[in-house]
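>>> got a predicted structure here, sequence first:
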Amino acid sequence: MKTNIQIAETIAAYATEAESNWIAKQKALNGKALALAFVKVPRFISKALIEVGNFKDWTLDQVVRVDLLTQLDEANVDLLYETAEMQEAVALTRSLPYLTNPEIFLLRATDAVRSNIGPVFDAIAFGNTYPKDYFSKAAWNQLVLKCIFNDKAIHQIIGLDERANQDLANTLSDFAHERWSAGRRVPSQVWRLVPKFMNESLHADIEKLAQSENPRDVQAANLVKQEVQNPGSTQGLWHELEKPEPIYTA
Amino acid sequence: MNSKNQNRFIPPNMCQEHKNIGNPSHFEGTEQEKTTAHAVDGTFAQYTQGMKFFDPHVHMTSRTTDDYQALADAGVVALIEPAFWLGQPRTGLASFKDYFASLVGWERFRSSQFGIKHYCTIGLNSREANHEALAEQVMEILPLFLQKEGVVGVGEIGFDDQTAAEEKYYRAQLELAKEMNLPVQVHTPHRDKKKGTERSMAIALEHGIAPNMVIIDHNNEETVKSVLDQGFYAAFTIYPFTKMGNERMVEIVKQYGPERIMVNSAADWGISDPLAIPKTAALMKIKEVPDEHIRLVTYQNALDAFAQSGQIQESDFINGLEIDQTQKFNGNTVLRGGQAPRVNKDSLIIR
């Protein structure tokens, strides 16, 4: 299976001999013993940062954990979820797309969106293909809105353009109105979600945005207008606005 | 201790409590020291500038974010939250499981938002050990939690009432600690403390646990000598009314020196003070305890004792929390420890 090859290649490239030996021994286990091996990973495996390939930006211990999870039974995956320490919860969440039957863990994935633990939320929201492939429209919209609500940079969500939709654009408009009433703003790049779904209310929002004193908002308004006129012409142009804009601390 | 000796580091009725429990203060400060103590009340932080603290016993689950902010401001860089009872007994295994999971999950994250490294010890506390049917189930899930990252010991365990059931689960958990090579954080009883402390140490030795792997907690003037003489770590809880006051603590450090002694707050849902360590450090400074001794009893000794678990790296917190690589995606840091927005507590306006 392709995933297993990618995992094996990554581990081979980054693990020391001692680490590889430990992993081989654990992979001979199953059931609760294998679940315990998952728990013990940081005692034996470094957190070396993976710099290339499919697992870029993961740490080695996380890759080893996904390796063990791919051969763990569902009941024990549940046990790990229920007892997860913070880094374990992150590893479990990042692993979701690589599990044998990812769809059966949908509730775990939407629970990660509900999580108040920043790194756990980030593990489902960013650099993870699971939401794009398995979330319903409602769950997807909740994920994107929660990112915006928490001032997290949405360009890190995989499938952002592909899964943009009218409901999300409308709700974004409502949310922006709430923020504006409170004397606050929304991060400029979120307006990339609306060009395909323009209506009267959104047109008014973009006009208001164009009058903003914030040059980033003006830039966003211009990009939306350009995209509406020439669909596809702004790809890559949002890059400058792709950064965290923590409005409460700014 | 008469009323003239009171200073404002402790509430006035503490002295009364002393009288009641027949445990006189060992504060023998000079008039000049007392004057100084009055003068610095509320501004003790000027005496602890540049100091960093490690609180090896504090129940943050029971505390608010105001406390986290105060701890961070006072120089507390890392802490250990021992598993304990929550003020009333749990009625099922799931409550224990969720509590342990919160110690390694939610509370760990909450602490990181204030730039404080959060570790914990996991164990079945003495009171709930008396509920044997449930205790058996808890013992089953302990190994899973004890092997988790950042779990630095088995704790807090030991005696409360000194019942047979308490002894049974204390022994069983000592065996777990031995098997996993983890330090043990031992709660000593409020009542019949001296005997309970001796018994706790004797049983640990009987199980072949090295005394340097055992932290005997909630010591006082009556227990400290034996604990140190036998090679154990001696922890002191600075807690109003029922445990140690910090004036008495200063005298103990002066008398016994800093070796294997550590101070903690054990702040919890009771009337307690999460700033007990910085306040005690300030008092030690005022009373001319050498800086190095202050550092040992408010930071280094706790670090050394619990680092024997292999789960504490000073580099993880001493210069602020590292930005965890797992929290970086596509080159953007989405969360940094210690960067929770600060709230000005004195401001009338809430934005």
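Looks like it arrived, so ask away.
>>> so how far is whatever helix or strand A:Asp78 lives in from its chain's centroid?
Counting by DSSP states H and E, the element that carries A:Asp78 is helix A:74-82. In terms of CA atoms, centre = their mean, to the nearest Å, the centre of helix A:74-82 is found 22 Å from the chain centre.
>>> with adjacent residues omitted, what lies nearest to the residue in chain B positioned nearest to chain A?
Residue of chain B nearest chain A, by CB to the nearest CB: B:Val104 (3.7 Å). In short, each C-beta sits where N, CA and C put it, glycine included. Leaving aside its sequence neighbours, B:Val104 sits nearest to A:Glu85 (CB to CB, 6 or more residues apart in numbering or on different chains; 3.7 Å).
>>> burial count for that neighbour?
When neighbours are counted by other CB atoms under 10 Å in any protein chain shown, A:Glu85 registers 24.
>>> now do stretch B:182-197: distance from first to last residue.
Terminal residues of stretch B:182-197 are spaced 20 Å apart (CA to CA, to the nearest Å).
>>> now stretch B:174-194: average pLDDT?
Averaging pLDDT along stretch B:174-194 gives 96.
>>> buried set for that stretch?
B:174, B:176-178, B:182-189, B:193 (16 or more other CB atoms under 10 Å in any protein chain shown).
>>> just checking, A:Glu85 touches B:Glu107?
No: here A:Glu85 lies out of contact with B:Glu107, judged by CB atoms under 8 Å, at a distance of 10.9 Å.
>>> all helices of the chain, in order?
Looking at chain A here, since you left the chain open. For chain A, helices defined by DSSP state H occupy the ranges A:2-14, A:17-27, A:31-44, A:60-69, A:74-82, A:86-95, A:106-114, A:118-125, A:130-134, A:137-149, A:166-181, A:200-210, A:215-229.
>>> sorry, should have said chain B
Secondary structure of chain B (DSSP H): helices at B:13-21, B:31-40, B:65-73, B:93-104, B:106-112, B:126-129, B:132-146, B:164-180, B:193-206, B:224-229, B:246-256, B:276-286, B:291-295, B:301-307.
>>> ok, the residue in chain A that chain B sits nearest to - contacts?
Residue nearest to chain B within chain A: A:Glu85 (3.7 Å; CB to the nearest CB). Applying CB atoms under 8 Å, 6 or more residues apart in numbering or on different chains, we find A:Glu85 in contact with A:39, B:101, B:104-105, B:108, B:148-151.
>>> on that earlier part again, for the buried residues of stretch B:174-194, which one is nearest B:Ile116?
B:Gln185 (18.8 Å; CB to CB).
>>> state the distance from the closest one to B:Gly150.
15 Å (CB to CB, to the nearest Å).
>>> now swap in B:Met244 and tell me
28 Å.
>>> what about those two, which has more around it?
Comparing B:Met244 with B:Gly150 by other CB under 10 Å, the one with more neighbours is B:Met244, at 23 against 20.
>>> re the thing from before, mean pLDDT lowest where, among the helices of chain B?
Sorting the helices of chain B by mean pLDDT places helix B:13-21 lowest, at a mean of 38.
>>> pLDDT wise, what is the nearest residue to A:Ala169 once chain neighbours are set aside at?
Distance criterion CB to CB, 6+ apart; nearest residue to A:Ala169, sequence neighbours excluded, is A:Phe197 at 3.8 Å. A:Phe197 is assigned a pLDDT of 98 by the prediction.
>>> what number of residues lie near A:Phe197?
16.
>>> tell me, what residue is most central in chain B?
B:His57 (1.6 Å; CA atoms, centre = their mean).
>>> what sits against that one?
Applying CB under 8 Å, 6+ apart to B:His57 gives the contacts B:80, B:82, B:156, B:185, B:217, B:235, B:237, B:264-266.
>>> just the ones of those in strands?
B:80, B:82, B:156, B:185, B:235, B:237, B:264 (DSSP state E).
>>> filter these to the buried ones?
B:80, B:82, B:156, B:185, B:235, B:237, B:264.
>>> between which two of those is the distance greatest?
B:Ile80 and B:Thr237 (12.8 Å).
>>> what pLDDT does B:Asn2 get?
You'll see B:Asn2 listed with a pLDDT of 42.
>>> point out where chain A drops to low pLDDT.
Chain A contains residues with pLDDT under 70 at A:1, A:246-250.
>>> quick check: residues of the stretch 51-200 of chain B near chain A?
B:97, B:100-101, B:104-106, B:108-109, B:113, B:141, B:143-145, B:147-151 (CB under 8 Å from any CB of the partner chain).
>>> ok, 6 Å please
Within the stretch 51-200 of chain B, the positions lying close to chain A (CB under 6 Å from any CB of the partner chain) are B:101, B:104-105, B:108-109, B:144, B:147-149.
>>> so can I have CSV of those showing distance to B:Gly87?
Putting those into CSV (distance: CB to CB, whole Å) gives the following:
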residue, distance to B:Gly87
B:Ala101, 19
B:Val104, 21
B:Gly105, 21
B:Arg108, 22
B:Phe109, 23
B:Leu144, 25
B:Gln147, 28
B:Lys148, 25
B:Glu149, 28
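>>> and of those residues, the nearest to A:Ile206?
B:Phe109 (37.2 Å).
>>> measure that closest one to A:Arg94 for me?
Counting by CB to CB - B:Phe109 and A:Arg94 are separated by 16 Å.
>>> the two: which is more packed in?
The neighbour count for B:Phe109 versus A:Arg94, taken as other CB under 10 Å, is higher for A:Arg94 (27 against 20).
>>> the more buried one: what's it in contact with?
Contact analysis of A:Arg94 by CB atoms under 6 Å, 6 or more residues apart in numbering or on different chains lists A:Ala123.
>>> any idea which of the helices of chain B is most buried?
Highest mean neighbour count among these (mean count of other CB atoms under 10 Å in any protein chain shown): helix B:276-286, with a mean of 26.
>>> which helices and strands sit right next to that one?
Helix B:276-286 sits against strand B:53-55, helix B:246-256, with contacts defined as 3 or more CB pairs under 6 Å, 6 or more residues apart in numbering or on different chains; DSSP states H and E.
>>> alpha carbons of the last one, as CSV, please.
Output for helix B:246-256, consisting of C-alpha atoms alone and laid out as CSV, is shown next (Å, rounded to 0.1, in the frame of the first residue of the first chain):
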residue,chain,number,x,y,z
ASN,B,246,6.8,30.2,55.4
GLU,B,247,8.5,31.7,58.4
ARG,B,248,8.8,28.2,59.9
MET,B,249,10.1,27.1,56.5
VAL,B,250,12.9,29.6,56.5
GLU,B,251,14.0,28.3,59.9
ILE,B,252,14.1,24.7,58.6
VAL,B,253,16.3,25.7,55.6
LYS,B,254,18.6,27.6,58.0
GLN,B,255,18.8,24.6,60.3
TYR,B,256,19.1,21.7,57.9
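>>> can you list the helices and strands that that helix packs against?
helix B:276-286.
>>> between the helix it packs on and helix B:246-256, how many degrees?
With axes from the mean of the first three to the mean of the last three CA atoms, to 10 degrees applied, the angle from helix B:276-286 to helix B:246-256 works out at 60 degrees.
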